[in-house]
Each structure stands twice: as C-alpha cells, then as structure tokens.
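**Q** Give me coordinates for this.
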Amino acid sequence: MRYKKAFDARKLPHDALEIIRISAVNRVESGESPEEVANGLGINRRTIYRWLAAFHYGGENALKAKPIPGAPPKVSGEVLQKLAVMVRDKNPLQLKFEYALWTLAIIREVLRRDFNIKISEVSVGRLMKRIGFTPQRPLYRAWQQNKELVDTWVAKEYPKIKARAKREGATIYFADESGVRSDYHAGTTWAPQGKTPVVKATGARYGFNIVSAVSATGHFRFMLVEGTVNASMFKQFLERLIVGHTKKIFLIVDGHPTHKAKLVKTFLENHSERIELFFLPPYSPELNPDELVWAHLKKNIGKGVSQTKEELKAKAYRHLQRIQKLPELVKSFFFHPTCRYAL
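**A** The predicted model follows:
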C-alpha cells in the first residue's frame, strides 16, 4: 500500500484537529484499518495509533482539544503500531511461543516481555478491538505448501489455461473427491448453560466417497463411489463427465497419484479431443472451488442423524441433486476469496 505524505496535524486549529481525531477513531471503530484511515487523512501512522490509545483509556474526551488530566496511557501509539504489525504479519510460533494462534494471554505476554507493559487480558481485548482486530476462525494451510507456486498458478498458469480454453471453446471444470461418514456432525444446538447436549446416534460407522466437478458457468456433475476412488473409479467418472458435452473439457485436479495413473493417462490419450487434465499446485485445496461443495454438503447433511448407510447415501444424493439444479449456488463457490481467480 502506498501512503500519502503526512502533514503536521499540530499546525491545525484545535477545533479542526478535534473533529479529525474523533472522525478518524470512529472510522476505525466502524471497521476500517488504522493504516487506511491514516493514509486517507494524510497523517502519520503513529498519529492514528496515538489517538486510538488515548481513546482506549480516556474515551472521546481524550480526543478533544483540551488538556487531559491524569497519568499518560500505559500503551503508547508507537507500541500499538508495533503490536498491530506483529499480530498481522507473524504468528506466535515465530516469537518462541508454543501455539500458532494469537490469544489474549499471548498478546499480554508480548506486551510484558517485549515492551515491559503490564495490563490485564480484559484490557488487551479492548486494546485489540480499538486497533481494528477481532477474534476470527483461522484458515489452515499445509506447511508444505509452496507460496511461490501458488502465486505463479494464480497469476500466470491459470490465466494461460483460461485463455487457451477460450480460444478452443473448451469448458473448465474443477474436480475433487471427498468422503462422507455417519459419525460426522455439524452445527450447534441450544441447551442449558453448563450442560453439554447429547445427540443419540447409531454406534455403527459407515461411509462412502464422492467425486464431483464444478464449473464457473454453474455446471455440477457428481458420482457416488463405494470404496476408494481409485484409478478405475476416476476413469469411470471421466467417462461420465464427457457424456453430453459437445465442447472439450479442461479438468483441473490436485496431484493425487490416482489422477496420474497409467489407466487414466491412457484414457486421456484416447480421448484427447474431448478432455484434458491440468494440475493444481501441491497442498493447495483452497484453490479448488469443488472443495466448497463438500463443505456445503457436510454442513447440511451433518445436522441430521442417519440410521443406515442407505439412508445416509440417499440424503447425500438428494442434496447433491439439489446443488445440481441450482447453478447460481454452484457459481457462488467461485466467489470465495481463494477461488475468485477462477472466475
């Protein structure tokens, strides 16, 4: 991000500076990042964090153009800025902590250890909200993932595939496999506080696999599989996928050995005018919109209880058929932040 050249706010009239201070803090409180607000106003980033620190300890009165009585805040604007950068750009493991997620306890310890500042966890929580941070569920990535390969795929490789598909009149699909199990449950249920609810379900465990493919145009194809999705099953899915398609299919999959098996290669060679395979970077499931189909499926059927394998399969089949009849829903999977590149 490029920042405007900062002006000296001290040269402004007191009443004008007061309005700017209050407006800037309100914008951060409404969800804007401190850096964006500072850049928009043309002020130094340290200034916005100093205002946020003052507001945290003294409220709106601390922003008004008059002397503020009392002791200075424990956390200065400069420390706030450093803390924001640290939490945004690093994880606790890099700072010699045992966990990979930022908690109030860890942030409190960082303030004590690195800045000699001692405040309560409650104060830390208020402080983080003041500088635009909220607790969120993280997205997990395999540590083996090569970010350079991912960036190259998004910026160069996929655009080449897309351009070629346009020239040849081909349709791009993303495919993936997943399993559905009887012991998977999703969602929450209401219960008295302190009493964990119990949902009675069958003790038997059973499941099956599914292979499917989605396109940004709203098309969705799937096949239920008993047992493992091996090369033979994947070849069968490819055979079904090309049926009824007048256009060539560019199918994008991960690098699983099944997708590169000799049986599959032979099939592709014999039907090269109908279908061609492309491979995602290793350990990058978030780039595949078809992954979101499984999340959608499991979220919905995981809220119920199936007494038999046949009942579970019937529920999954009905839900997949429903997805198939809702092209706008299929298209929506491509609007996820990690999949928008494939639009």
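
**Q** Contact partners for the residue nearest to P34 when sequence neighbours are not counted?
**A** Using C-beta to C-beta, 6 or more residues apart in numbering and skipping the chain neighbours, the partner closest in space to P34 is I48 (4.7 Å). Quick note: C-beta positions are derived from backbone N, CA and C, even for glycine. Counting by C-beta atoms under 8 Å, 6 or more residues apart in numbering, I48 touches 24, 28, 34-35, 37-38, 41, 77.

**Q** between these, which is closest to A170?
**A** Using C-beta to C-beta, E35 comes nearest to A170 of those, at 42.5 Å.

**Q** E168: neighbouring residues, count only.
**A** Close neighbours of E168, defined as other C-beta atoms under 10 Å, add up to 11.

**Q** List the contacts of it.
**A** K248.

**Q** how about it, phi and psi?
**A** Backbone geometry at E168, expressed as degrees, to the nearest 10, gives phi -90, psi 0.

**Q** for the one 4 residues further on, same thing?
**A** Taking degrees, to the nearest 10, you get phi -90, psi 130 for the backbone angles of I172.

**Q** Need the max-distance pair from the contacts of I48.
**A** L41 and G77 (14.7 Å).

**Q** neighbour-wise, which of the two wins?
**A** The neighbour comparison of L41 against G77 (other C-beta under 10 Å) goes to G77, with 21 against 18.

**Q** so what's the more buried one closest to, chain neighbours aside?
**A** Nearest one to G77, counting by C-beta to C-beta, 6+ apart, is R50 at 2.8 Å.

**Q** and what of L297?
**A** Leaving aside its chain neighbours, L297 sits nearest to H319 (5.8 Å; criterion: C-beta to C-beta, 6+ apart).

**Q** Local confidence estimate at the one you found?
**A** Looking at H319, its pLDDT is 88.

**Q** Tell me who's in contact with P281.
**A** Contacts for P281 (C-beta under 8 Å, 6+ apart) come out as 145-146, 149-150, 152-153, 287.

**Q** Now render those residues as TSV, adding pLDDT.
**A** Below are the contacts of P281 laid out as TSV (pLDDT from 0 to 100):
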residue	pLDDT
Q145	69
N146	82
L149	91
V150	91
T152	94
W153	92
L287	93
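
**Q** May I ask which of the residues you listed has the most neighbours?
**A** W153 (21 neighbours).

**Q** low pLDDT regions in the stretch 1-150 of the chain?
**A** Counting by pLDDT under 70, the stretch 1-150 of the chain contains low-confidence ranges at 1-16, 65-73, 100, 137-145.

**Q** again, but for the stretch 201-343 of the chain
**A** Within the stretch 201-343 of the chain, the segments meeting pLDDT under 70 span 201-206, 301-307.

**Q** Show me what secondary structure element comes after the helix or strand where the residue nearest to G77 lies.
**A** Assessed by DSSP states H and E, R50 sits inside helix 45-58. Using DSSP H and E, the helix or strand that follows helix 45-58 towards the C-terminus is helix 77-89.

**Q** Contacts for that following helix, please.
**A** Contacts for helix 77-89 (C-beta under 8 Å, 6+ apart): 34, 45-53, 75, 95, 102, 107, 110-111, 115, 117, 127-128, 131-133.

**Q** Pull out the buried residues from that helix.
**A** For helix 77-89, burial by neighbour count (16 or more other C-beta atoms under 10 Å) applies to 77, 79-84, 86-87.

**Q** before we move on, what about stretch 325-336?
**A** 330-331, 333-334.

**Q** domains of this protein?
**A** Listed by automatic domain parsing, the domain ranges of the chain are 9-130, 147-342.

**Q** hmm, back to that, mind listing what's buried along the helix holding R50?
**A** Result for helix 45-58 [16+ other C-beta under 10 Å]: buried residues 45-57.

**Q** And the strands in the stretch 51-200 of the chain, which stretches?
**A** Under the criterion DSSP state E, counting those that start in this stretch, strands of the stretch 51-200 of the chain are mapped to 171-181.

**Q** Run through the residues that contact A342.
**A** 158, 172, 174, 216, 287, 289, 334.

**Q** which non-adjacent residue is nearest the first one?
**A** If the residues on either side of it in the chain are set aside, Y158 comes closest to Y341, at 6.2 Å by C-beta to C-beta, 6+ apart.

**Q** Is it correct that the one you found is in contact with V154?
**A** Yes: the criterion here is C-beta atoms under 8 Å, and Y341 meets it with V154 at 4.7 Å.

**Q** Among these two, which residue is more densely surrounded?
**A** V154 (17 against 14).

**Q** And that one, how far from K90?
**A** Note on V154: its distance to K90, by C-beta to C-beta, to the nearest Å, is 24 Å.

**Q** Likewise for G58?
**A** Using C-beta to C-beta, G58 is found at 30 Å from K90.

**Q** do V75 as well
**A** Separation of V75 from K90 (C-beta to C-beta) stands at 19 Å.
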